[in-house]
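Asker: Starting from these lines, generate the structure:
(one chain, ligands or ions: 2)
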Amino acid sequence: MKTVSVFGATGSIGQNTIDLIKNDLQSFDVVALTGGRNVAQLAKDAIDLRADIAVIDDVSCYGDLKDLLAGSGVEAACGSDAIVEAAKRPCDWVMSAIVGAAGLAPGWAALEQGKTLALANKESLVTAGPILLAQATQHNATILPVDSEHSAVFQALIGEDIATVERIIITASGGAFRDWPLADLPKASLAQASSHPNWDMGQRITIDSASMFNKAMELIETKEFFGVRPDQIETIIHPESLIHALVGFNDGALMAHVGPHDMRHAIGFALNWPERKKLPVERLDLAKIGSLTFKAPESARYPALKIARDVMDEGGLMGAAFTAAKEHALDGFIAGDIGFMDMAPVVAETLNTMTSRDGLKNVKMTLDTVNETDTLARIRAGEAIKTLR
Ligand code: NAD
Ligand code: MG
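Answerer: Ligands and ions are numbered 1, 2, ... in the order given. Okay, here's the model as predicted:
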């Protein structure tokens, strides 16, 4: 039996993880499940899976959670500190699927206990990659990528020497607006940006796919996780989203990972690692698919990609500033304060200010400075939004 916990259990990745656990109940024993606000879902899954504890982030939901769990034997808790405490409970495998910067602290705590951390929360690596990897090494813990592209690269690298890798190609669907006339992009609505052509995901990551801020994060994630140089990382638009990533070796070979667009593959790979087990995902019929297509991303359509290059070149706390600025700009777009194409200028302006005025480059990365950078970047992004309006 593998003991497992799922952080962000009520979200898209969390629910897919729970689906896989429910499919193979004899292999897994659930310790902790956490959610943001959806008490009904959290309580149901915690009872179904006989979890030891269920934690809800929103303290105003605590009463409801307690009522729903009464008599079930599942302990109830609330608040962000309780989420971090739950990450310290003994268990073998932890899914980090809280969205945003809030995912860093519980993942950090899990690594401190020497656990295997399945990392869906991409913000963790982007904001704090170097210290997160050091934390894993120091405590003999393992980080497994869950983002489909990084899981694909990880799988293509099994048995290979990273020194023989020339390049890593991360594919991108191109998001909701890949075929829109450029001139229409500033008018893109929230509803239009929230619908993905291929993947069924949470709203924030879906909008980030349309703007390619998601791909920008993934480029940085690739640099941090695999330790390659920025110039070795490429991205290409692949509208079918069936090839998740390719690894190019020094003999010219390209190893592609091909699979259906179903996150249960990458989640299941991490859940069963180092074994490979049968998974309930579609088997591709290549003859039916017929052809796969590719095209280079246009820089005018996807300004986030250039910002990612700058962040990778600068390194250090730029990743934390980038993530927070991006989240704040995304909040602004969701609230209707700024337009779709205003997000990238807000992020770029925030990074400029933080480099030139706040001297970000000279600050050493620690968990505290990552959090301070996050707070300051949200303030600077707020200022940038005001200037824009
Ligand atoms: P989601 O919005 O569907 O779910 C997020 C989960 O985090 C929910 O359980 C929510 O209640 C919880 N949550 C939100 N804010 C919280 C807070 N402040 N404190 C505690 N819990 C909080 O998101 P998702 O699509 O499942 O994505 C989760 C993470 O995985 C993100 O970092 C995303 O970028 C990454 N990811 C997602 C996919 C995908 O297919 N959905 C693919 C690759 C990577
Ligand atoms: Mg991805």
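Asker: mind listing what residue 28 touches?
Answerer: 1-4, 21, 271 (CB atoms under 8 Å, 6 or more residues apart in numbering). Glycine gets a C-beta too; all of them are placed from N, C-alpha and C.
Asker: What parts of the stretch 101-250 of the chain come near ligand 2?
Answerer: 147-149 (CB under 5 Å from the ion).
Asker: Would you map the strands across the stretch 101-250 of the chain?
Answerer: Secondary structure of the stretch 101-250 of the chain, counting by DSSP state E, counting those that start in this stretch: strands at 116-119, 142-145, 165-172, 233-237, 243-249.
Asker: Next to ligand 1 in this structure, residues from the stretch 101-250 of the chain, please.
Answerer: Residues of the stretch 101-250 of the chain lying near ligand 1 by CB under 6 Å from any ligand atom: 102-103, 120-123, 147, 199, 201-202, 204-205.
Asker: Among these, which ones are in helices?
Answerer: Mapping these onto helices (DSSP state H) picks out 122-123, 204-205.
Asker: What's the PyMOL line that selects buried ones from those residues?
Answerer: To isolate the buried members of these in PyMOL, using 16 or more other CB atoms under 10 Å:
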select buried, resi 122+123+204+205
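Asker: Save the ones in helices among the residues of the stretch 101-250 of the chain next to ligand 1 as TSV, and put in distance to residue 156 too.
Answerer: Shown next, in TSV, are those (distance: CB to CB, whole Å):
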residue	distance to residue 156
122	19
123	24
204	28
205	23
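Asker: How is this protein partitioned into domains?
Answerer: Residue ranges for the domains of the chain, per automatic domain parsing: 2-145, 151-289, 316-388.
Asker: got those as TSV, with mean pLDDT columns?
Answerer: TSV is the format used below for those (pLDDT from 0 to 100):
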stretch	mean pLDDT
domain 2-145	97
domain 151-289	96
domain 316-388	96
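Asker: Among the strands of the stretch 101-250 of the chain, show me which one is buried the most.
Answerer: Ranked by mean neighbour count, the strands of the stretch 101-250 of the chain are led by strand 116-119 with a mean of 27 (mean count of other CB atoms under 10 Å).
Asker: With just CA atoms, put that one into PDB.
Answerer: C-alpha atoms of strand 116-119 as PDB (Å, rounded to 0.1, in the frame of the first residue of the first chain):
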ATOM      1  CA  THR A 116       7.800  11.900  -3.200                       C
ATOM      2  CA  LEU A 117       6.200  15.100  -4.500                       C
ATOM      3  CA  ALA A 118       4.200  14.900  -7.700                       C
ATOM      4  CA  LEU A 119       4.300  18.500  -8.800                       C
END
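Asker: Mind giving me the packing neighbours of it?
Answerer: Applying 3 or more CB pairs under 8 Å, 6 or more residues apart in numbering; DSSP states H and E, one finds that strand 116-119 contacts strand 93-96, helix 104-112, strand 142-145, helix 264-272.
Asker: Relative to the third one, what are the paired strands and their orientations?
Answerer: Okay, so that is strand 142-145. strand 116-119 (parallel) (DSSP bridges).
Asker: And for the strand it pairs with, what's in contact with it?
Answerer: Residues from elsewhere that reach strand 116-119 (CB under 8 Å, 6+ apart): 92-96, 107, 110-111, 125, 136, 141-147, 267, 270-271, 273.
Asker: again, but for stretch 123-138
Answerer: Residues outside stretch 123-138 that contact it (CB under 8 Å, 6+ apart) are 96, 99-101, 103-104, 107-108, 111-112, 117, 119, 141-143, 217, 220-221, 223-225, 319-320, 322-324, 365-367, 370, 373-374.
Asker: on that earlier part again, kindly reformat the domains of the chain as TSV containing distance to residue 303.
Answerer: Shown next, in TSV, are those (distance: least, CB to CB, whole Å):
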stretch	distance to residue 303
domain 2-145	17
domain 151-289	8
domain 316-388	4
